[in-house]
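[1] for reference, the sequence and a predicted model appear below.
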Amino acid sequence: MTFAPQPDAPLQGHSGMATPAKAAWLHTASSLAELQAAQEFAAQRELDLLVLGEGSNTVFTQDFSGLVVLNQLRGIRMVEETADSVLLDVAAGENWHQFVIYCLEQGWFGLENLALIPGSVGAAPMQNIGAYGVEVKDSIQSVTYVTHEQPKEQMLNAQDCEFEYRDSVFKHRLAGSATITSVRFKLSKYAQVNLSYAPLSDRFKNSSPTAREVFDAVCQIRSAKLPLPAELPNCGSFFKNPVVSEVKFKELQEECPEIVGFETADGIKLAAAWLIERRGWKEKSLQGVRVHKEQALVITNPNRSAGEIVMKYAHQIRQDILDWSGIELEVEPRIY
Ligand code: EPU
């Protein structure tokens, strides 16, 4: 196989935030062999290697001097079927939302609350995507990946993926070295809809919706709040929701009785969107970069401004929240 990556290639179309940047080399991998060839190419030339799914959670702040590979491995394969469930191996380059629709059409349930999340299947376990009361870890059985050192595929069971809120081993021990090639999902043949997110339970008060109805509601709620990256560049939530102790929460509540927080096993999870809105950021922008008017946790980049501007604006928000409340917001997307 001849491996011929494109030199000096624009990256703007390969990142949710659409900041201008170039890669020294760019290649699209449609097979495992091509992915392995890319790893070899980078190793031989001592180049940094960056593998992207659809880049929906990535911000480039400068040119990338190594090799960027677009992971477009495709395929959905049923591994096992019982009376109650299916096991599916799904290639990392499949589009997430199309996969959710496919499962719903087949009568395989569990992913309907995760509809319309931008990005690829391979990116889903990386940050343990979650929305409307569901996290993808609940449906994952294992994740298969290759590393720079070990081009043969290895498998990690879900319990070893260290899944947490928007977090996994792929953002820590395996960060920068592992490329996810496929994800094994276990889905139920019986719909057990999850209405734990208040706007969903409000909508279906006194009724028992089907999975399809929940999917439609999620699509509606999401579309009303969250801009599509292709129409208005953004990376979804720019910060994680911070978790604080009960003592800290009470302290904040004394100052602002309306503060929004939800109890979790680790403490009180604050709505970062509320903090950002409360501090007036819906009225502030930096060279066009601004938080979204329907959802203050989303930073948008309508003019496709430089990554440095996006990060400067994000850091201004962070500093302001820190000075005001003592809370450090953690940036959620991957920054290069
Ligand atoms: N709120 C505001 N101002 C806003 C938006 C929200 O004050 O502009 C307050 C409201 O009180 C609302 C609360 O914040 O009740 C929570 O807002 P929302 O339900 O929209 O959720 P979120 O906590 O801001 C998280 C995820 C989203 C996911 C939604 C729904 C994170 C970092 N973000 O946002 O995920 O779609 O819940 O489950 O946890 C993403 O990760 O990219 C993402 C979009």
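    Structure received. Numbering: from 1, shown residues only.
[2] CA atoms for contacts and neighbours, from now on please.
    Noted.
[3] state the three-state secondary structure for P302.
    Put simply, P302 is coil when judged by DSSP: H, G, I helix; E, B strand; the rest coil.
[4] got the end-to-end distance for stretch 47-67?
    One end of stretch 47-67 sits 7 Å from the other (C-alpha to C-alpha, to the nearest Å).
[5] how far off centre is that stretch?
    Distance, stretch centre to chain centre, for stretch 47-67: 15 Å (C-alpha atoms, centre = their mean, to the nearest Å).
[6] avg pLDDT for it?
    Mean per-residue pLDDT for stretch 47-67: 97.
[7] list the buried residues of that stretch.
    Judged by neighbour count (16 or more other C-alpha atoms under 10 Å), stretch 47-67 contains these buried residues: 47, 49-64, 66-67.
[8] which bits of the stretch 151-300 of the chain sit near the ligand?
    Residues of the stretch 151-300 of the chain lying near the ligand by C-alpha under 6 Å from any ligand atom: 236-237, 239-241, 260, 271, 273-274, 277, 294-297.
[9] okay, and which of those residues map to strands?
    G236, S237, Q295, A296, L297 (DSSP state E).
[10] now render these as a markdown table, adding pLDDT.
    Formatted as a markdown table, those follow (pLDDT from 0 to 100):
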| residue | pLDDT |
| --- | --- |
| G236 | 97 |
| S237 | 98 |
| Q295 | 98 |
| A296 | 98 |
| L297 | 98 |
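[11] and the two most separated of these?
    Using C-alpha to C-alpha, the two most remote members of these are G236 and A296, lying 10.3 Å apart.
[12] what about M311, how many residues nearby?
    For M311, the neighbour count with other C-alpha atoms under 10 Å is 18.
[13] what's the helix or strand harbouring it packed up against?
    Under the criterion of DSSP states H and E, M311 resides in helix 307-325. Helices and strands touching helix 307-325, by 3 or more C-alpha pairs under 8 Å, 6 or more residues apart in numbering; DSSP states H and E, are helix 272-278, strand 285-286, strand 289-292.
[14] please redo it, this time with the cut-off set to 10 Å
    strand 58-59, helix 246-255, helix 272-278, strand 285-286, strand 289-292, strand 295-300 (3 or more C-alpha pairs under 10 Å, 6 or more residues apart in numbering; DSSP states H and E).
[15] and the contacts of the last one?
    Under the contact criterion C-alpha atoms under 10 Å, 6 or more residues apart in numbering, strand 295-300 has outside partners 16-18, 224-227, 229, 232-241, 271-278, 280-282, 285, 288-293, 310-311, 313-314.
[16] ok and that strand relative to helix 307-325, angle-wise?
    Here strand 295-300 runs at an angle of 160 degrees relative to helix 307-325 (axes from the mean of the first three to the mean of the last three C-alpha atoms, to 10 degrees).
[17] for D320, give its distance to the ligand.
    16 Å (C-alpha to the nearest ligand atom, to the nearest Å).
[18] residue boundaries of the helices in the stretch 51-200 of the chain?
    Using DSSP state H, counting those that start in this stretch, the helices of the stretch 51-200 of the chain run over residues 96-106, 123-126, 198-203.
[19] out of those, deepest packed?
    Burial of the helices of the stretch 51-200 of the chain is given as mean neighbour count (mean count of other C-alpha atoms under 10 Å); helix 123-126 ranks first at a mean of 25.
[20] which of the helices and strands packed on helix 307-325 comes out lowest on mean pLDDT?
    When these are ranked by mean pLDDT, helix 246-255 comes last with a mean of 94.
[21] what is in contact with G236 and A296 at once?
    With C-alpha under 10 Å, 6+ apart as the test, G236 and A296 both reach L226.
[22] which element follows the helix holding M311 toward the C-terminus?
    Taking DSSP H and E, what comes next after helix 307-325 is strand 334-335.
[23] check which helices and strands that next one is in contact with.
    Strand 334-335 sits against strand 58-59, with contacts defined as 3+ C-alpha pairs under 10 Å, 6+ apart.
[24] residues contacting the strand it packs on, please?
    Contacts for strand 58-59 (C-alpha under 10 Å, 6+ apart): 12, 14-21, 52, 234-235, 306-308, 310-311, 332-336.
[25] how about 6 Å then?
    Here strand 58-59 makes contact (C-alpha atoms under 6 Å, 6 or more residues apart in numbering) with S15, M17, P333, R334, I335.
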